[in-house]
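>>> Pasting a predicted model and its sequence here:
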Amino acid sequence: MLVGAEAFLHALRIDLPGCHHSLYAQFMTYEGDASGQAFSALLAEKAAAGVDVRLLVDGYTDVVLSDVYPLLLHRWRAVRAERARTRALFDRLRAGGVGVRRTAPPGFLGRYMLYRNHKKMVVLDEQIAYVGGINISDHNFAWHDFMVRVEGPLVHDLARDFCSTWDGHTVALATPRPNLDFVLNQCAGRYSIFAEVLSMIDRAEQTLVIESPYLLGDQIERRIRAAAERGVRVTIVLPGRSNKLLYRLWVRKLLQRLSHPNIALYGFAADGGMTHAKLIIVDDRWASFGSFNMIELEGLTQKELNIFTSQTRFIARLNALIADDRARSHPLPPPRTTYGRFTYSLLYRAVRWWTNRLLRNPKWKARYC
């Protein structure tokens with residue numbers, strides 16, 4: 001486990017000299033700022049040494065950079081300058097021998113903006129991989145997050161997922177295997193990670209621990225509440241202050257719904273209040289981490305990748321992370337009033353209808369699923 005961008009990059013720099021054949025990197029957000037320049041230098045160095053270096057970047061940063069949306073007209077000049085730096089960086093990488101491909105274009109007027117490829121991973125020689133939630137930008141590097149260094153058979157599944165995306169499609173990875181480590185991916189119309197997370201919550205007998213930046217949705221909230229009502233002790237760490245205004249509005253209802261003696265809710269207070277870490281632990285026996293934010297709306301639309309594990313020693317590391325994060329958090333009491341959640345419900349229904357319609361289009365499905 002590598003907590004923070006510095007720890008992730010330090011470990012990667014140690015591994016890179018032993019990478020001789022292939023280096024695959026994929027991120028949702030990748031910007032032409034200091035962090036992007038530094039990471040790109042690592043890729044360019046390996047490409048110059050004759051390694052097959054490939055970079056997959058989602059189309060999100062064609063529209064949104066550093067959480068600044070184009071509707072904010074007073075920031076438009078800064079966004080245009082950042083976008084130009086990012087495109088120039090990709091051009092230099094291509095000129096230096098790095099293969100760069102963009103995934104999931106936003107479409108005309110951003111009509112496909114919700115359909116992101118949300119995965120974050122690096123794979124070296126199909127022997128070592130890094131998986132988690134860290135993106136490549138100064139903005140994201142400032143958040144609390146982690147990556148996990150992985151060796152062994154799972155790396156082959158991760159490389160297979162990357163290569164299928166590189167070739168323009170997504171292969172479904174392993175089905176859940178009780179008491180074994182496995183990788184799941186999902187996309188619009190195939191909710192494998194979300195379904196397994198709900199199953200984990202349903203199987204909880206003693207403890208349930210979740211940390212997520214955007215935990216939200218009727219199904220997952222009902223399952224968590226039901227777990228508490230059957231005696232499971234639930235611990236949840238959320239951002240003390242989310243980077244998304246709408247989530248700060250919507251989460252009030254979640255805090256009210258999950259008000260229960262067996263549920264302890266915490267708001268992360270360090271790093272500007274923004275935790276971007278994503279993990280779930282059940283009974284100290286099963287755990288999952290990766291890119292899935294555990295918000296049902298994104299489960300409808302985004303490509304995600306999570307690792308599921310029952311390794312006792314690693315789960316202990318996750319528990320240590322949660323303990324440290326709780327120490328840097330404050331209790332989140334239920335609000336006296338809630339408002340605005342109906343907008344999420346309306347949006348969820350609209351996106352579900354829109355997604356089902358899009359899935360009937362073979363060309364769209366081939367590109368975004």
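Arrived safely, thanks for sending. Because the structure is a prediction, the values reported are computed rather than measured. Numbers count the residues shown, from 1 in each chain.

>>> Near residue 284, how many other residues are there?
By other CB atoms under 10 Å, 15 other residues sit near residue 284. Any C-beta I mention is one placed from the backbone N, CA and C, and that applies to glycine too.

>>> tell me the pLDDT at it?
Note for residue 284: predicted pLDDT of 97.

>>> Tell me the secondary structure at it.
Following DSSP: H, G, I helix; E, B strand; the rest coil, the label given to residue 284 is coil.

>>> any weak-confidence spans in the stretch 51-200 of the chain?
Low-confidence segments of the stretch 51-200 of the chain (pLDDT under 70): 69-76.

>>> just so I have it, where are all the strands in it?
52-58, 99-103, 121-124, 128-132, 146-151, 182-186 (DSSP state E, counting those that start in this stretch).

>>> which secondary structure elements does the second one contact?
Think strand 99-103. For strand 99-103, the contact count by 3 or more CB pairs under 8 Å, 6 or more residues apart in numbering; DSSP states H and E identifies strand 52-58, helix 76-95 as packing neighbours.

>>> Buried residues in the last one, which are they?
Along helix 76-95, these residues count as buried under the neighbour rule (16 or more other CB atoms under 10 Å): 79, 82-83, 86, 89-90, 93.

>>> Including distance to residue 151, could the residues you listed go into CSV?
Shown next, in CSV, are these (distance: CB to CB, whole Å):
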residue, distance to residue 151
79, 39
82, 36
83, 37
86, 32
89, 30
90, 30
93, 27
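
>>> OK, contacts around residue 364?
residue 358 (CB atoms under 8 Å, 6 or more residues apart in numbering).

>>> what pLDDT does it get?
At residue 364, the pLDDT value in this model is 94.

>>> is it fair to say it lies in a helix?
Yes. Under three-state DSSP, residue 364 falls within a helix.

>>> For the strands of the stretch 51-200 of the chain, please prepare a markdown table with the additional fields mean neighbour count.
Formatted as a markdown table, those follow (neighbours: other CB atoms under 10 Å):
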| stretch | mean neighbour count |
| --- | --- |
| strand 52-58 | 22 |
| strand 99-103 | 17 |
| strand 121-124 | 26 |
| strand 128-132 | 24 |
| strand 146-151 | 20 |
| strand 182-186 | 24 |
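
>>> Export those to CSV and append columns for distance to residue 19.
Listed next are these as CSV, based on distance: least, CB to CB, whole Å:
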stretch, distance to residue 19
strand 52-58, 9
strand 99-103, 15
strand 121-124, 4
strand 128-132, 8
strand 146-151, 13
strand 182-186, 21
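
>>> Residue 269: which of these is closest?
For the strands of the stretch 51-200 of the chain, the distance to residue 269 is smallest for strand 146-151, at 17.5 Å, taking CB to CB.

>>> which outside residues touch that closest one?
Contacts of strand 146-151 (CB under 8 Å, 6+ apart): 1-4, 7-8, 11, 15, 120, 127-134, 158, 277, 289, 307, 321.

>>> make it 6 Å
Contacts to strand 146-151, defined as CB atoms under 6 Å, 6 or more residues apart in numbering, come from residues 1-3, 8, 11, 128-132, 134, 277.

>>> For the residues you listed, which two are the farthest from each other?
Largest separation among the contacts of strand 146-151 by CB to CB: 128 and 277, giving 21.5 Å.

>>> and stretch 297-306, what's its mean pLDDT?
95.

>>> whoops, stretch 325-338 was the one
95.

>>> ok, residues contacting it?
237, 252-253, 255-256, 259, 265-270.

>>> Please check those residues and keep the buried ones.
237, 252-253, 255, 265-269.

>>> I'd like these written out as JSON lines, with pLDDT and secondary structure added.
Below are the buried ones among the contacts of stretch 325-338 laid out as JSON lines (pLDDT from 0 to 100; DSSP: H, G, I helix; E, B strand; the rest coil):
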{"residue": "237", "pLDDT": "98", "secondary structure": "strand"}
{"residue": "252", "pLDDT": "96", "secondary structure": "helix"}
{"residue": "253", "pLDDT": "96", "secondary structure": "helix"}
{"residue": "255", "pLDDT": "97", "secondary structure": "helix"}
{"residue": "265", "pLDDT": "98", "secondary structure": "strand"}
{"residue": "266", "pLDDT": "98", "secondary structure": "strand"}
{"residue": "267", "pLDDT": "98", "secondary structure": "strand"}
{"residue": "268", "pLDDT": "97", "secondary structure": "strand"}
{"residue": "269", "pLDDT": "97", "secondary structure": "coil"}
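
>>> List just the nearest of these to residue 224.
Using CB to CB, the buried ones among the contacts of stretch 325-338 come closest to residue 224 at residue 265, 10.4 Å.

>>> Count the neighbours of the nearest residue to the closest one once chain neighbours are set aside for me.
Here the nearest residue to residue 265 in space, its sequence neighbours aside, is residue 332; by CB to CB, 6 or more residues apart in numbering that works out to 4.2 Å. Neighbourhood size, residue 332 [other CB under 10 Å]: 21.

>>> re earlier: with distance to residue 189 as extra columns, can I get the helices and strands packed on strand 99-103 in CSV?
As requested, these are exported to CSV (distance: least, CB to CB, whole Å):
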stretch, distance to residue 189
strand 52-58, 18
helix 76-95, 30
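
>>> Of the ones you listed, which is nearest residue 105?
Between the helices and strands packed on strand 99-103, strand 52-58 lies closest to residue 105; by CB to CB that is 9.4 Å.

>>> And the contacts of that closest one?
22-28, 30, 43, 46-47, 98-104, 116-117, 165.
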